[in-house]
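Peer 1: Make a model of this:
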Amino acid sequence: MTPTTTAPRGLSRKQALSDSTTWLAARKTARQTWPDEALDLLIDRTVTAIRATTAGRRAAYAWSGGKDSIALDWLCRQAGIEECVLGISNLEFPAFLTWVTDNMPPGLTVINTGLSLAWLADRPHMLFPQGVNGSKWFPLINHKAQASYFTQHNLDVLLLGRRHADGNYTGPKGANLYTNAKGITRYSPISHWSHEAVFALIEREQLPMPPCYDWPRGYQVGTGAWPARQWTRNHDHGFEEVWQIDPDVVRHAAPELPSAADWLARTGRI
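Peer 2: A predicted model of the protein is given here:
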């Protein structure tokens, strides 16, 4: 079942929204856009759909710590699903890992896929990826961890926080349930939720948000490994943003990553 709404058209895809002012305004007015009656109806329909789709199946959900997975976590708990998985690497921001430790769901399993600075040094095209390279990080971390978890726990279905508002693939012809070539069944119960609906749930339930949303282009980039920051103009732009977030990340990378050492030298940040 796909929840339907009568709410006004919301924000466009995050890829086109780098201005935090737009996001903050949408978050501030989300409860007005989605008053309790409309939000409760959307929640009830979504939770009912989750229960119906996962009935008699071994189900868990993917949790990234981002706003969509925060909403998904809350909805899954209402539907009685507690187990979840987070994929990470050795290239995460320390502040994000601290937040995860303090706010992880009780049923979370963390899988480190092992990507490191040495791995990145051998693949310079993966640093602050442009174009198609940007999407290559997801299979290497998120999808790999999810596939491992799916197999290890003998699941029938894995719930994801993918939404059409971000242009995410949720299944053929917009379906929100499909099985991929590897036999992993993915279900996206909030695929038709708007950004504002997600914000309304988070604001009303006072769900904690990770620090990444306070960082440069936080709502556009979201969570993820620091070298995977998308939509940077170039490497200099990427390093400048990472420096603003945590200078020690760039300093730590410099001994193994020539581009980081070069940026530090050229900008006098050593």
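
Peer 1: okay but residue 39 is in contact with residue 203, surely?
Peer 2: No. Using CB atoms under 8 Å, residue 39 is not in contact with residue 203; the gap is 10.0 Å. Where C-beta positions appear, they are placed from N, C-alpha and C, glycine not excepted.

Peer 1: Which one's more surrounded, those two?
Peer 2: residue 39 (21 against 16; other CB atoms under 10 Å).

Peer 1: Where does the closest residue to the more buried one other than its chain neighbours sit, in terms of helix or strand?
Peer 2: Excluding the flanking residues, the one nearest residue 39 by CB to CB, 6 or more residues apart in numbering is residue 200, at 5.3 Å. In this structure, residue 200 sits in helix 195-205 according to DSSP states H and E.

Peer 1: all strands for this structure, in order.
Peer 2: 59-62, 84-88, 108-112, 157-159, 177-179, 185-187 (DSSP state E).

Peer 1: got the buried residues for the helix holding residue 200?
Peer 2: 195-204 (16 or more other CB atoms under 10 Å).

Peer 1: Output the strands of the chain as JSON lines; include the columns mean pLDDT and mean neighbour count.
Peer 2: Formatted as JSON lines, these follow (pLDDT from 0 to 100; neighbours: other CB atoms under 10 Å):
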{"stretch": "strand 59-62", "mean pLDDT": "98", "mean neighbour count": "25"}
{"stretch": "strand 84-88", "mean pLDDT": "98", "mean neighbour count": "24"}
{"stretch": "strand 108-112", "mean pLDDT": "98", "mean neighbour count": "17"}
{"stretch": "strand 157-159", "mean pLDDT": "98", "mean neighbour count": "23"}
{"stretch": "strand 177-179", "mean pLDDT": "97", "mean neighbour count": "14"}
{"stretch": "strand 185-187", "mean pLDDT": "98", "mean neighbour count": "21"}
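
Peer 1: Any chance of a markdown table for the ones you listed, columns distance to residue 97?
Peer 2: Shown next, in a markdown table, are the strands of the chain (distance: least, CB to CB, whole Å):
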| stretch | distance to residue 97 |
| --- | --- |
| strand 59-62 | 17 |
| strand 84-88 | 7 |
| strand 108-112 | 10 |
| strand 157-159 | 23 |
| strand 177-179 | 32 |
| strand 185-187 | 26 |
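
Peer 1: Just the terminal-to-terminal distance for stretch 85-100.
Peer 2: 12 Å (CA to CA, to the nearest Å).

Peer 1: Using CSV, list the CA coordinates for stretch 252-259.
Peer 2: Listed next in CSV are the C-alpha coordinates belonging to stretch 252-259 (Å, rounded to 0.1, in the frame of the first residue of the first chain):
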residue,chain,number,x,y,z
HIS,A,252,45.3,12.7,9.6
ALA,A,253,44.8,12.0,5.9
ALA,A,254,47.9,14.0,4.7
PRO,A,255,50.5,11.3,5.4
GLU,A,256,48.8,8.8,3.2
LEU,A,257,46.8,11.0,0.8
PRO,A,258,49.1,13.2,-1.4
SER,A,259,46.2,15.5,-2.4
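
Peer 1: how far is that stretch from where the chain is centred?
Peer 2: Its chain's C-alpha centre and that of stretch 252-259 lie 26 Å apart, by CA atoms, centre = their mean, to the nearest Å.

Peer 1: can you start the count at 43 instead of 1 from here on
Peer 2: Shifting the count to begin at 43 puts that one at stretch 294-301.

Peer 1: and that stretch, average pLDDT?
Peer 2: On average, the pLDDT along stretch 294-301 is 98.

Peer 1: what does it contact?
Peer 2: Outside stretch 294-301, the residues that touch it by CB atoms under 8 Å, 6 or more residues apart in numbering are 159-160, 162-163, 166, 169, 277, 281, 302-303, 306.

Peer 1: In it, which residues are buried?
Peer 2: Within stretch 294-301, the residues scored as buried using 16+ other CB under 10 Å are 295-296, 299, 301.

Peer 1: Flag the shaky bits of this protein, pLDDT-wise.
Peer 2: Where the chain drops to pLDDT under 70, the residues are 43-61.

Peer 1: Do a quick rundown of the helices in it.
Peer 2: 62-75, 78-96, 109-120, 136-145, 159-163, 179-180, 186-194, 237-247, 260-263, 277-287, 289-295, 300-309 (DSSP state H).

Peer 1: Okay then, goodbye and thanks.
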